[in-house]
Each structure stands twice: as C-alpha cells, then as structure tokens.
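> Coordinates for the following, if possible.
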Amino acid sequence: MNRILGLLFSLLFCSVFAASQSVTDLISEADEYSTVSFENQKALDKLLQADKIDTNNFAVLWRISRSYVDIGEHLPNKTDAEKEKQLGEYQKAFDYADKAVKAKPDSAIGYIRRAIANGRVALFKGVWSAIDFVKQVKADCEKAISLDPNNGAAYYILGRTHAKLCEKSKIIRWPLGLGWANMEESLKNYDKSIALRPTFILYRLDAARAYVEEDNYAKAKELLISIAALPKQDEDDDQYRKESKELLDSIKDK
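Model prediction:
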C-alpha cells in the first residue's frame, strides 16, 4: 500500500512540476514575442495557454493585461465597430490587471498594469467623461510607487496624468475632484521616470512635450536631441523618433 501511495505521490508531483515548467516556458516565449519581436497576438496566445494551466498565476495575469493593451493600441479605430473592438481590448486588459492585483496585492506591477489599462479606457472615453477612471489611475500609481519606488513606469503614468488634466484650467477641474493636477508634479514625475529608465524613448518624448507647454525650450531640446542615440525598446519607437524630430524642428528657433 505504501508503495502504491508513494507512486501516486510521485506521479502527482511530476504532473504539478511539469505544469509549472510549462507555464514558465510559455511565459518565456510570450516575453520574447512581446518585448523582442513585438508579435503581440502570439504573446497573448502563449499567455492564455498558460492561464488555462494555472488560472491564478500573477506573472501570467499581468502579462495578459499587457498584451491586451499592446494589441488594442494598434487596432484601427475609424468605424464604430472598430472603436468598440479597441475598447473591448482595453477592458479585458483592466480585468486581467485587476485579477493580478487581487492575486498579489503587495506587488507594484499589478497596480501599474491596472493604471495603464484604466488610462487607456479614460483616453478612449475622453478624460472628462471618465473621471473615476482617472482618479483610479492616480491611486494605483501612488500605490505602485509605495511598493516599488524604483519603477519608472508608475512615475511616467502619473506624470502623464497630471499633464493631461492640466490641459484644462484648475477652475474647471476643481469641482470634479481633479484640482490636484499640476504641471510641477507632472515634470517632477517625468524626470523621475527618466532617471530610473534613461534609455526609454517615450518617457523623454512626453517629458519634452510637457516642458514645451511650460516654455522651457532648452530642457525640451535637450531631451529631444538625446532620443536619436537611444536603442529601440518599444515597437513604436520608430514613430516616437519621428515625432521627437518634428517637435524639435518646431521649437528650434525658440
């Protein structure tokens, strides 16, 4: 009997170990697709396979959220049907990020991914008709920073949120509970994100845009000029380089 029980235990252990290895392998393959070859659908397919094996795996959940955002960002959005599909991808991204937060509430990345998904939904719906989403973005960024003060993404998202809200005057924002946004905080958070991830193009580009809004053209030019020498780390970096050059040309005499 003991021998049979031992055999059953060994088979169970091997099965669990094999599943764990399979999830690890799928995550590794998904990361390759997501961050190296930028094949977002293939990354998502691998992660959904992993999710079937282990339905509450934090590492899988937040990556699924990332993939849905990556896919949504590159969908056409001219027709109502296309817009609805894009919004659906962002909402799926939120659902999986929310699951990730619940699976591991002491990890910053879940909150960051939820902030990104919420931010995408807010931008899609229009910031001023998605106020609750915007407030949640701020709360999630601040929570992420409290858990990991060295993650540049949280500072970047927070900086962008402040900048976006400052497109309208404080008098308009205050009754909506958005009076906290200001450009000083935006620039401070952008600078922090760049200090933590100095080679990431988007951080520098959006920071430069904010500095232009504040008429600090010298700082904006410094950031934009530096972009040319940075490595490609995001699938949209070629477009960001183009936008940075256009912005630099537009302020060259200022």
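
> Identify each buried residue in stretch 113-131, please.
Under the neighbour-count criterion of 16 or more other C-beta atoms under 10 Å, stretch 113-131 has 113-122, 124, 127, 130-131 buried. For the C-beta atoms, the positions are set from N, CA and C on the backbone; glycine is no exception.

> now those as JSON lines including secondary structure?
Output for the buried residues of stretch 113-131, formatted as JSON lines (DSSP: H, G, I helix; E, B strand; the rest coil):
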{"residue": "113", "secondary structure": "helix"}
{"residue": "114", "secondary structure": "helix"}
{"residue": "115", "secondary structure": "helix"}
{"residue": "116", "secondary structure": "helix"}
{"residue": "117", "secondary structure": "helix"}
{"residue": "118", "secondary structure": "helix"}
{"residue": "119", "secondary structure": "helix"}
{"residue": "120", "secondary structure": "helix"}
{"residue": "121", "secondary structure": "helix"}
{"residue": "122", "secondary structure": "helix"}
{"residue": "124", "secondary structure": "helix"}
{"residue": "127", "secondary structure": "helix"}
{"residue": "130", "secondary structure": "coil"}
{"residue": "131", "secondary structure": "helix"}
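
> Where does the prediction get shaky in the stretch 151-254 of the chain?
Of all residues in the stretch 151-254 of the chain, none has pLDDT under 70.

> Also the stretch 1-150 of the chain?
Counting by pLDDT under 70, the ranges of the stretch 1-150 of the chain that qualify are 1-21.

> tell me the helices in the stretch 101-250 of the chain, going along the chain?
Defined through DSSP state H, counting those that start in this stretch, the helices belonging to the stretch 101-250 of the chain, from first to last, are 108-125, 131-147, 152-165, 170-173, 183-196, 201-213, 217-227, 237-250.

> what's the angle between the longest one and helix 152-165?
What separates the directions of helix 108-125 and helix 152-165 is an angle of 20 degrees, with axes from the mean of the first three to the mean of the last three C-alpha atoms, to 10 degrees.

> helices or strands next to helix 108-125 in the packing?
Secondary structure elements in contact with helix 108-125, counted by 3 or more C-beta pairs under 8 Å, 6 or more residues apart in numbering; DSSP states H and E, are helix 58-73, helix 80-103, helix 131-147, helix 152-165.

> before we move on, back to that, with distance to residue 31 added, can I get the helices of the stretch 101-250 of the chain in JSON lines?
Formatted as JSON lines, the entries for these read as follows, by distance: least, C-beta to C-beta, whole Å:
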{"stretch": "helix 108-125", "distance to residue 31": "13"}
{"stretch": "helix 131-147", "distance to residue 31": "20"}
{"stretch": "helix 152-165", "distance to residue 31": "16"}
{"stretch": "helix 170-173", "distance to residue 31": "39"}
{"stretch": "helix 183-196", "distance to residue 31": "20"}
{"stretch": "helix 201-213", "distance to residue 31": "19"}
{"stretch": "helix 217-227", "distance to residue 31": "25"}
{"stretch": "helix 237-250", "distance to residue 31": "18"}
